[in-house]
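Undergrad: Show me the folded form of this:
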Amino acid sequence: MPCYASSQFEPGKFGKLGKLGKPKVASVRERATRLSEPITSRSERTGRSDIIARSYAHLRSVRGRVLLAWALLLVAIVLFIILVGMHSIVRQQSYHTDAFDLGNMDQAVWNTLHGHLFRFTNRGADWEGPPTRLGIHVEPVLLLIAPLYLIHSGPETLLLLQTVALALGALPLFLLARRRLPTMPFVAVAFACAYLLTPALLGEALWDFHAVALATPLLLLAVWALDSRRYGWFAVAAILAALTKEDVALSLIPLGLYIAFWRGKPRYGAAVVLLSIAWVALCFFVILPHFNGGASGGNTYWYRYAWAGASAGDALKNLATHPWLLITFVLGSAPRRGFIAMQLRTLGGLGIFAPALWLSALPELAVNLYSSHPEQYSGFFQYNAMTIAFLSAASVYGVSALYQARLRVEQRKSGKEKMNAASLSSKTPRYSGWRRWAARIQQSGIWVYRRWQALLERIPVATRWIAPLVICWLIVTCVWNLRTADQRLINFWNVGAGPVYYQSDVDALLARIPASASVAATDTLDPHLSDRYDLYLLPDPQSYQAQYVAFDIPHAVQAVQAQDQQIYDTMIASGRYVVVGVVQYRSGEVVVLHRIGPPLTLPKT
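TA: Numbers count the residues shown, from 1 in each chain. Sure, this is the predicted structure:
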């Protein structure tokens, strides 16, 4: 064999032949390069790949999904506090808040801290009575809020408290969804985010401060505590919620009945019902009439329901003889019909699958629907504080009921169905006296529950599709409601986007008013001067008693601008006032006057 035979190129040994029959050495060089690559870089690449793979596997695990859900929840809460809180505070600082109600609430809290409980002296269209909040609303929770003014005294404290409280309401709602839907952590996050984006909740946070806004997270906490059988927590949350406004306790009555008849705690449930009724009766028949100066109808806001009768008694008689008025009044109003539709879309309206909790929302819903005050059925402001809580929680229960019903169908088909409440016997145990009636009510509830579950079982949806469908539907209805309230929401959001160009000059001018002086002010200046004993809202005739008077007539309520201008002209012409300072802006000016002579008129009696 020739000696050169051993050096012949063997196909496949080193690579493919080139056009001239020579081996392509590029692949050999590449292989040599790879072999000479530092071991550290290859190990780093492998390590990163392992970390990514392990992280992905962890996120796909149950524990990983739960941790991610918690992280997303915390991000949503923090973003709400930062963004919404910033806009609400900037709205105050840029002179866009109102005397009713931020000036009122701030003065009442400030005076409470200084020993003058619930005192406020603003008077306007809704209030001409004694200088106390107890004539308008019963809000003992202000006693607990007042110590916060030791940290910072001013409306900003109230706005920050309100924003944080509303944001934290997402936490008990999330926990409720985790209990009811343990295999769907991202659905729980979707519920929490939909709650935070509810137009009514944003309206609560952006429009001034109202004590009843704190009832929203407290009622959600009460529902979660009740669901998890933490009756001590339930009592604390329910009591605090009832202290935010005189009618909040009405929403607790259905919960007390649930505790008594469904949870098997008749004494505890009866205590909730009776105490709620007693507190509401005390507020409406004792406290409010005592402090409201004999308001028409026994309540300072009854004029909003005067279409039904001159007083509550007259209204009941009128509606008892003409019950169709309750239907025609609502159906004949397009805004009210739209309000109902918006409420039904709250958190997807998924409470329709378990509507029992809607009963707790009915009192406030009726109060808003039958009012002649448009803001109450706008679906935006604080008037929906209780409704938000119960509609949100009801949606969680609705999805849970649908999931459990469909799961039973699937288990039945596979022969794995387990004993549950739907298979409970409806036979009434033998009791005597009131226990027999309580047992009958309980068994009737079980019968209704079984029939309702049978209806849910007929809904043709697989359990594996419930989570994605719920998330998609929450997104759709959330956007739908935001679009419905877009103009009002945009207006409130934009005024809190940044300071006005003359803001610092007005701040400096108002700072020249002594803290101990009595002051009268127009609407938007009022909340900036409300940390004092006496504060009057123009055009209240008591404004002539004030030592200092602050005018910003172009930004006053349009209905009283002419009266404000008349008072200003009278004060200037009297010669008893000197101008402390003027800040001019494009459409008007801010003027502060100091009274140097006796008052022009006596206080109105």
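
Undergrad: Mind checking the pLDDT average for whichever strand or helix holds Ile82?
TA: Assigned by DSSP states H and E, Ile82 belongs to helix 62-93. Here helix 62-93 scores 95 as its mean pLDDT.

Undergrad: name the helices or strands packed onto it?
TA: Here helix 62-93 touches helix 39-60, helix 155-168, helix 170-180, helix 185-196, helix 199-206, helix 486-495, going by 3 or more Cβ pairs under 8 Å, 6 or more residues apart in numbering; DSSP states H and E. C-beta here means a position set from N, CA and C on the backbone, and glycine is covered the same way.

Undergrad: quick one: it to chain centroid distance?
TA: Relative to its chain's centre, helix 62-93 lies at 14 Å (Cα atoms, centre = their mean, to the nearest Å).

Undergrad: can you tell which of the helices and strands packed on helix 62-93 is closest to Gly256?
TA: Judged by Cβ to Cβ, the one of those that comes nearest to Gly256 is helix 170-180, at 18.8 Å.

Undergrad: Now do the buried residues in the closest one.
TA: By 16 or more other Cβ atoms under 10 Å, the buried positions in helix 170-180 come out as 170-178, 180.

Undergrad: Tabulate the residues you listed (JSON lines), appending distance to Tyr568 and pLDDT.
TA: Below are those laid out as JSON lines (distance: Cβ to Cβ, whole Å; pLDDT from 0 to 100):
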{"residue": "Ala170", "distance to Tyr568": "47", "pLDDT": "98"}
{"residue": "Leu171", "distance to Tyr568": "49", "pLDDT": "98"}
{"residue": "Pro172", "distance to Tyr568": "50", "pLDDT": "98"}
{"residue": "Leu173", "distance to Tyr568": "49", "pLDDT": "98"}
{"residue": "Phe174", "distance to Tyr568": "53", "pLDDT": "98"}
{"residue": "Leu175", "distance to Tyr568": "55", "pLDDT": "98"}
{"residue": "Leu176", "distance to Tyr568": "54", "pLDDT": "97"}
{"residue": "Ala177", "distance to Tyr568": "56", "pLDDT": "97"}
{"residue": "Arg178", "distance to Tyr568": "59", "pLDDT": "96"}
{"residue": "Arg180", "distance to Tyr568": "60", "pLDDT": "96"}
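
Undergrad: State the distance from Gln382 to Ala354.
TA: Gln382 sits 27 Å away from Ala354, taking Cβ to Cβ, to the nearest Å as the criterion.

Undergrad: care to break the protein down by domain?
TA: 3-36, 419-457, 503-595 (automatic domain parsing).

Undergrad: list the contacts for the residue nearest to Ser228 when sequence neighbours are not counted?
TA: Excluding the flanking residues, the one nearest Ser228 by Cβ to Cβ, 6 or more residues apart in numbering is Arg179, at 6.2 Å. Arg179 sits next to 224, 227-228 when contact means Cβ atoms under 8 Å, 6 or more residues apart in numbering.

Undergrad: ok, Thr601 touching Tyr544?
TA: Yes - with contact defined as Cβ atoms under 8 Å, Thr601 reaches Tyr544; the gap is 4.8 Å.

Undergrad: Name the residue in the two with the higher neighbour count.
TA: Shown here are Thr601 and Tyr544; by other Cβ atoms under 10 Å, Tyr544 has more neighbours (22 against 11).

Undergrad: Identify the residues contacting that one.
TA: Applying Cβ under 8 Å, 6+ apart, the residues contacting Tyr544 are 520, 567, 571, 599-601.

Undergrad: Give me the nearest residue to Cys92, chain neighbours excluded.
TA: Careful, residue 92 is Gln and not Cys. Of all residues not flanking Gln92 in the chain, Pro155 sits nearest, at 5.4 Å (Cβ to Cβ, 6+ apart).

Undergrad: And Ser251, its phi and psi?
TA: Backbone torsions of Ser251, given as degrees, to the nearest 10, read phi -70, psi -10.

Undergrad: quick one: low-confidence parts of this protein?
TA: Within the chain, the ranges that satisfy pLDDT under 70 run 1-50, 53-60, 125-127, 295-298, 416-438, 602-605.

Undergrad: again, only this time at 50
TA: Residue ranges of the chain with pLDDT under 50: 1-24, 419, 421-426, 603, 605.

Undergrad: Name the residue closest to the centre of it, please.
TA: Residue closest to the average C-alpha location in the chain (Cα atoms, centre = their mean): Leu201, at 3.3 Å.

Undergrad: sorry, back to before: can you list the contacts of Tyr544 in CSV and add secondary structure and distance to Leu257?
TA: Output for those, formatted as CSV (DSSP: H, G, I helix; E, B strand; the rest coil; distance: Cβ to Cβ, whole Å):
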residue, secondary structure, distance to Leu257
Ala520, strand, 50
Ile567, helix, 54
Met571, helix, 59
Pro599, coil, 56
Leu600, coil, 58
Thr601, coil, 55
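
Undergrad: So which of those wins on neighbours?
TA: Ala520 (30 neighbours).

Undergrad: That one touches Leu537, doesn't it?
TA: Yes - here Ala520 reaches Leu537: they are 7.4 Å apart, a contact under Cβ under 8 Å.

Undergrad: Which residues are in contact with each of those two?
TA: Residues touching both Ala520 and Leu537 (Cβ under 8 Å, 6+ apart) are Ser543.

Undergrad: which residues touch Thr570?
TA: Contacts for Thr570 (Cβ under 8 Å, 6+ apart) come out as Leu600.

Undergrad: Which strand or helix spans it?
TA: Going by DSSP H and E, Thr570 is in helix 561-574.

Undergrad: Show the subsequent helix or strand relative to that helix.
TA: The helix or strand immediately downstream of helix 561-574 is strand 577-585, counting by DSSP H and E.

Undergrad: Pairing partners for whichever helix or strand comes after that following strand, with directions?
TA: Sequence-wise, the next helix or strand beyond strand 577-585 is strand 588-595, with elements assigned using DSSP H and E. In the sheet, strand 588-595 lines up against strand 548-551 (antiparallel), strand 577-585 (antiparallel) (DSSP bridges).
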